[in-house]
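Novice: My questions concern the predicted model and sequence given below.
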Amino acid sequence: MSSSDTPEYRCCAICAYPAPSRCSGCGKAFYCSKEHQTMAWAKHKRLCKIFQRENCGEPVPPADAYCGLCGKESGPFRKTQCCNRTICDDYGNYTPFTFGNNSCSRNHDRYTRCCYHFNEGHPGKDPLACAKCSSQHDAEHIAWYMANNYNFQEDILRANPPSFEPKCCTSCGKQVKQNAEAVSFGGDGLQCGPCTHGMVGGPGGVMPENTYTMDHGF
Ligand SMILES: [Zn+2]
Ligand SMILES: [Zn+2]
Ligand SMILES: [Zn+2]
Ligand SMILES: [Zn+2]
Ligand SMILES: [Zn+2]
Ligand SMILES: [Zn+2]
Ligand SMILES: [Zn+2]
């Protein structure tokens with residue numbers, strides 16, 4: 001990709017906030033911070049190797065030989081219903097009500113524009129061009145659904161996510177990245193994890209890494 005093809009606005013693969021840095025290995029993954037790059041690495045590392053080979057014109061495994069979300073070549077795999085791509089057949093990894101993100105299949109099915117568009121039965125073959133998808137949810141969620149690393153790489157690079165205003169905890173004023181950290185919506189509005197649990201300044205209130213309390217179930 002030449003720099004002139006690169007859209008002005010790139011979103012972090014974890015939180016959808018503006019992503020000034022890209023993976024120095026492959027140049028195809030975008031992050032707001034070192035912290036979120038580190039968070040994404042377990043899923044990105046295998047894909048990164050494949051993309052690097054691709055960048056150098058070296059042979060790469062066919063797309064149906066690895067999971068498009070985590071790069072695993074070991075399977076078992078299934079095809080996504082929404083876009084007929086190869087993905088880990090790993091719903092069994094997910095424990096109900098944990099909102100963990102350890103299932104590639106579930107992540108794609110629940111947290112992407114690709115599958116949302118399909119599940120809602122919207123017209124049109126291209127979810128990224130769908131006006132209905134763009135009119136539902138706020139800009140932060142629209143951007144996250146398009147750009148997070150539960151999407152297939154091809155779609156992430158093609159997406160043109162909207163920009164959005166950062167949000168802050170109504171109790172302590174700290175910026176909250178609501179798709180990447182524990183948040184709640186109480187009577188007072190959006191609250192960060194520590195405020196939710198009454199633990200501001202304390203040691204607690206921090207959710208386990210990669211756990212989201214907010215589930216945009218369809
Ligand atoms: Zn981020
Ligand atoms: Zn990379
Ligand atoms: Zn996978
Ligand atoms: Zn899909
Ligand atoms: Zn749609
Ligand atoms: Zn939403
Ligand atoms: Zn707070």
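Specialist: Received, thanks. No experiment lies behind these values; they were computed from the predicted model shown. Ligands and ions are numbered 1, 2, ... in the order given.

Novice: Quick one: name the residues of this protein near ligand 3.
Specialist: Residues of the chain lying close to ligand 3 by C-beta under 5 Å from the ion are 67, 69-70, 88, 104. Where C-beta positions appear, they are placed from N, C-alpha and C, glycine not excepted.

Novice: Show me the residues you listed that map onto helices.
Specialist: Cys104 (DSSP state H).

Novice: out of the residues of the chain next to ligand 3, which one sits closest to ligand 2?
Specialist: Nearest to ligand 2 among the residues of the chain next to ligand 3 is Cys70, at 12.9 Å by C-beta to the ion.

Novice: my read: Lys79 touches Gly68, true?
Specialist: No - the pair Lys79 and Gly68 fails to qualify as a contact (C-beta atoms under 8 Å) at a distance of 10.5 Å.

Novice: Those two - which one has more neighbours?
Specialist: Gly68 (23 against 12; other C-beta atoms under 10 Å).

Novice: With adjacent residues omitted, what lies nearest to that one?
Specialist: Once flanking residues are discounted, Gly68 sits nearest to Phe152: 4.6 Å by C-beta to C-beta, 6 or more residues apart in numbering.

Novice: from the chain's centre, how far out does stretch 183-196 sit?
Specialist: 22 Å (C-alpha atoms, centre = their mean, to the nearest Å).

Novice: That one: end-to-end distance?
Specialist: End-to-end distance for stretch 183-196: 7 Å, by C-alpha to C-alpha, to the nearest Å.

Novice: Give the intersection of the neighbour lists for Lys79 and Gly68.
Specialist: 85-87 (C-beta atoms under 8 Å, 6 or more residues apart in numbering).

Novice: Restricting to those, which residues neighbour ligand 4?
Specialist: Checking the shared contacts of Lys79 and Gly68 against ligand 4 by C-beta under 5 Å from the ion, not one of them is in range.

Novice: Redo those as TSV? Include neighbour count and pLDDT.
Specialist: Formatted as TSV, the shared contacts of Lys79 and Gly68 follow (neighbours: other C-beta atoms under 10 Å; pLDDT from 0 to 100):
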residue	neighbour count	pLDDT
Arg85	19	98
Thr86	19	98
Ile87	25	98
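
Novice: Show me what the one helix or strand Pro194 maps to is packed up against.
Specialist: Taking DSSP states H and E as the definition, one finds Pro194 inside helix 193-196. Other elements packing on helix 193-196 under the criterion 3 or more C-beta pairs under 8 Å, 6 or more residues apart in numbering; DSSP states H and E are strand 183-186.

Novice: any bit of the strand it packs on sitting next to ligand 7?
Specialist: No - Strand 183-186 lies out of reach of ligand 7 by C-beta under 5 Å from the ion, never closer than 9.1 Å.

Novice: That strand pairs with which strands, and in what direction?
Specialist: strand 189-192 (antiparallel) (DSSP bridges).

Novice: buried residues in the partner strand?
Specialist: Going by neighbour count (16 or more other C-beta atoms under 10 Å), the buried part of strand 189-192 is 190-192.

Novice: is that strand up against ligand 6 anywhere?
Specialist: No - applying C-beta under 5 Å from the ion, one finds strand 189-192 separated from ligand 6 by no less than 12.0 Å.
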